[in-house]
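Participant: the sequence and its predicted three-dimensional model are supplied below.
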Amino acid sequence: EPPCTLHITDEQAMMELGGQIACLLARGGVVLLHGNLGAGKTTLVRGLLRSLGFEGTVKSPTYTLVEPYHVAGRDIYHFDLYRLADPEELEYLGVRDYFRDDTLCLIEWPQQADGFLPKADLEVTLLHDGSARIAQLKTPHNH
Ligand code: ADP
Ligand code: MG
């Protein structure tokens with residue numbers, strides 16, 4: 001079936017999509033963020049965290065692989081697996097503790113850890129469309 005497709009005209013609209021996802025997954029979940037460099041994955045996560053009241057810096061944790069946030073009483077983990085050399089590195093980071101029912105995990109470059117991640121509740125694919133973006137949303141039928 002065709003995925004749900006949104007036209008995201010600017011950075012602000014991408015931030016708002018993040019806020020909608022925070023609302024949709026208020027009880028937690030796993031979100032895979034697909035898309036090339038600059039597609040807007042981190043912008044979406046920034047918008048999600050801002051919508052919950054987080055005012056600090058939000059950047060891709062490219063070197064540390066994961067950045068934990070505690071905001072609005074929620075544990076939120078933002079992964080950027082671009083530089084993951086071996087999926088087993090995730091074990092060393094202790095990420096098993098991060099994937100609890102009540103946490104929200106947002107994962108950039110999930111294909112780097114294929115087979116080592118929990119099942120996704122939502123998959124977002126971001127595509128360039130000039131200065132705009134296309135967002136495709138899918139809820140995998142794997143529960
Ligand atoms: P990624 O994490 O996918 O590599 P980022 O969110 O870090 O991407 O960067 C996206 C860049 O594209 C930012 O500099 C942002 O300002 C810019 N941008 C321009 N238009 C958009 C849009 N419609 N949605 C999201 N980002 C946009
Ligand atoms: Mg990023």
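Facilitator: On my side now, so go ahead. Ligands and ions are numbered 1, 2, ... in the order given.

Participant: G35 contacts I134, doesn't it?
Facilitator: No - look at G35 against I134 with Cβ atoms under 8 Å: they stay out of range, at 9.5 Å. Where you see a C-beta, it was placed from the backbone N, CA and C, and this is true even at glycine.

Participant: between these two, which has more neighbouring residues?
Facilitator: G35 (20 against 15; other Cβ atoms under 10 Å).

Participant: how much space between the more buried one and ligand 1?
Facilitator: Distance, G35 to ligand 1, by Cβ to the nearest ligand atom, to the nearest Å: 5 Å.

Participant: joint contacts of G35 and I134?
Facilitator: Common neighbours of G35 and I134, counting by Cβ atoms under 8 Å, 6 or more residues apart in numbering, are L126, L127.

Participant: where's the nearest residue to I21 once chain neighbours are set aside, which helix or strand?
Facilitator: Leaving aside its sequence neighbours, I21 sits nearest to L48 (Cβ to Cβ, 6 or more residues apart in numbering; 5.8 Å). For L48, the enclosing helix or strand under DSSP states H and E is helix 41-51.

Participant: next structured bit after that helix?
Facilitator: Heading C-terminal from helix 41-51, the first helix or strand you meet, by DSSP H and E, is strand 66-71.

Participant: list the buried residues of that following strand.
Facilitator: V66, E67, Y69, V71 (16 or more other Cβ atoms under 10 Å).
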